[in-house]
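Chemist: Predicted model and sequence below, questions to follow.
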Amino acid sequence: MFVATLLTAPGGAPLDPSLVSSLRNAWGGGDARWLSPDRAAEFPLGVLPANLWQVWADLDRMGVDLVVQPAEVRRKKMLLADMDSTMIRQECIDELADAAGVGERVKDITARAMNGELDFEGALTERVGLLAGLDEAVIDTVLAERIQLMPGGPVLLATMKANGAYAALVSGGFTAFTRAVSARLGFDENRANTLIVADGKLTGEVGRPILGRDAKVRALEEITARLGLTEDDVIAVGDGANDLGMLGRAGAGVALHAKPAVAAECSIRVNHGDLTALLYLQGYGDEEFVAA
């Protein structure tokens, strides 16, 4: 058995009930259940539709996300999340680079690395090198003035944790940021890279070993083993090429507003919804959401 979920962006055009009904009828699905008025609905399916990706593309152009996934084990016991451009709107290294006056150069490297065009470790080392001499205090300034949470994140964390889930933030970014974001959102633990500081200034170096794609997979393996969970118990979310390993291993791997090369390798893609989409995909309705 499978479940088809349709959802739209908060504040955007409402989800048309006739669209849900016509797709349910075309695919021979069961009765639709509305998870959120005008925004999210689901219905059961007996088989995986042969024209799934053609329909997905048509709906994507209409501003509607479509996900078809197995009906079993949808409610997850663990959230494994990327930070930059996932739990927060920004890329932290880009914001630091902007403050250092090398913003455009670093942003170009970041975009290429996240799209899988560059080796992550080499790209990170190069970008951090451009930050040499930046005052450490700039980190606190960036956190206070530039970093914004991704919409839906606080509700996602509050709801999953209220239902007994464990939450881990795993980032190719930096501990100076993951510690703050983790505490603000209520993650149980966080893992990231460390910026080396000497005499109050960034040295342009990053601590070793560098946390990248393989380290995120190790986090998935280590945390599930420690908690006595299986990988099927995990919902993972990310947007960049270094997230693909954990997205492919988790029971539900969600490419959220992901780079094209990343989305192409994921069967669960959210291009329009916010982070509460991860709750709808688990079958939560608005009435079960917990306010942060």
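Modeler: Thanks, I have it. From a predicted model like this one, the values you see are computed outputs, not experimental measurements.

Chemist: buried set for stretch 140-149?
Modeler: Within stretch 140-149, the residues scored as buried using 16 or more other Cβ atoms under 10 Å are 142-143, 146-147. No exception for glycine: its C-beta is placed from N, CA and C like everyone else's.

Chemist: nearest to residue 70, of these?
Modeler: Distances from residue 70 to the buried residues of stretch 140-149, taken as Cβ to Cβ, are shortest for residue 147 (35.7 Å).

Chemist: per-residue confidence at that closest one?
Modeler: For residue 147, the pLDDT comes out at 96.

Chemist: same thing with the one 4 residues further on?
Modeler: As predicted, residue 151 sits at a pLDDT of 97.

Chemist: go on, residue 186?
Modeler: Residue 186 is given a pLDDT of 97.

Chemist: what's the answer for the one 3 residues further on, then?
Modeler: At residue 189 the predicted local confidence, pLDDT, stands at 98.

Chemist: still on that earlier bit, of all pairs in the buried residues of stretch 140-149, which one spans the longest distance?
Modeler: Maximum distance among these (Cβ to Cβ): 7.6 Å, for 143 and 146.

Chemist: Now do the contacts for residue 270.
Modeler: 7, 65, 67, 254-257, 277-278 (Cβ atoms under 8 Å, 6 or more residues apart in numbering).

Chemist: Assign residue 7 to helix, strand or coil.
Modeler: strand (DSSP: H, G, I helix; E, B strand; the rest coil).

Chemist: and it, what are its bridge partners?
Modeler: Using DSSP bridges, the beta-bridge partners of residue 7 come out as residue 40, residue 65.

Chemist: Looks like it contacts residue 38 (just checking).
Modeler: No - the pair residue 7 / residue 38 is not scored as a contact, 10.4 Å apart, by Cβ atoms under 8 Å.

Chemist: For those two, indicate the residue with more neighbours.
Modeler: Counted by other Cβ atoms under 10 Å, residue 7 and residue 38 do not tie: residue 7 has more neighbours, with 24 against 13.

Chemist: Which pLDDT does the model give that one?
Modeler: 98.

Chemist: for it, what are its contacts?
Modeler: 15, 35-36, 39-41, 64-65, 270, 272-273, 277, 280.

Chemist: Can you lay out the buried residues of stretch 140-149 as JSON lines showing distance to residue 167 and secondary structure?
Modeler: Converted to JSON lines, these look like this (distance: Cβ to Cβ, whole Å; DSSP: H, G, I helix; E, B strand; the rest coil):
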{"residue": "142", "distance to residue 167": "24", "secondary structure": "helix"}
{"residue": "143", "distance to residue 167": "20", "secondary structure": "helix"}
{"residue": "146", "distance to residue 167": "24", "secondary structure": "coil"}
{"residue": "147", "distance to residue 167": "19", "secondary structure": "coil"}
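
Chemist: Would you mind measuring from residue 195 to residue 248?
Modeler: In this view, residue 195 and residue 248 are 29 Å apart by Cβ to Cβ, to the nearest Å.

Chemist: ok, these two, which is more surrounded?
Modeler: Taking neighbours as other Cβ under 10 Å, residue 195 and residue 248 compare with residue 195 leading, 24 against 14.

Chemist: With the flanking residues excluded, which residue is spatially nearest to the more buried one?
Modeler: Spatial nearest neighbour of residue 195, excluding adjacent residues (Cβ to Cβ, 6 or more residues apart in numbering): residue 174 at 5.1 Å.

Chemist: Would you check that the one you found makes contact with residue 192?
Modeler: Yes - between residue 174 and residue 192 there is a contact at 5.5 Å, judged by Cβ under 8 Å.

Chemist: Could you pull out the strands in the chain for me?
Modeler: 2-8, 33-36, 40-45, 64-70, 78-81, 166-174, 189-193, 195-198, 201-206, 234-238, 252-256, 268-270 (DSSP state E).

Chemist: Let me see the mean pLDDT of the last one.
Modeler: Averaging pLDDT along strand 268-270 yields 98.

Chemist: same question, the second one
Modeler: Mean pLDDT, taken over the full extent of strand 33-36, equals 98.

Chemist: ok, and what's touching it?
Modeler: 5, 7, 40-43, 280, 283-286.

Chemist: Helices along the protein, start to end?
Modeler: Ranges of helices within the chain are 17-27, 52-61, 92-100, 103-114, 120-129, 137-145, 153-162, 175-185, 213-227, 244-249, 260-263, 277-281, based on DSSP state H.

Chemist: Between strand 189-193 and the third one, find me the angle.
Modeler: Right, the one you point to is helix 92-100. Compare the direction of helix 92-100 with that of strand 189-193 by axes from the mean of the first three to the mean of the last three Cα atoms, to 10 degrees and you get 50 degrees.
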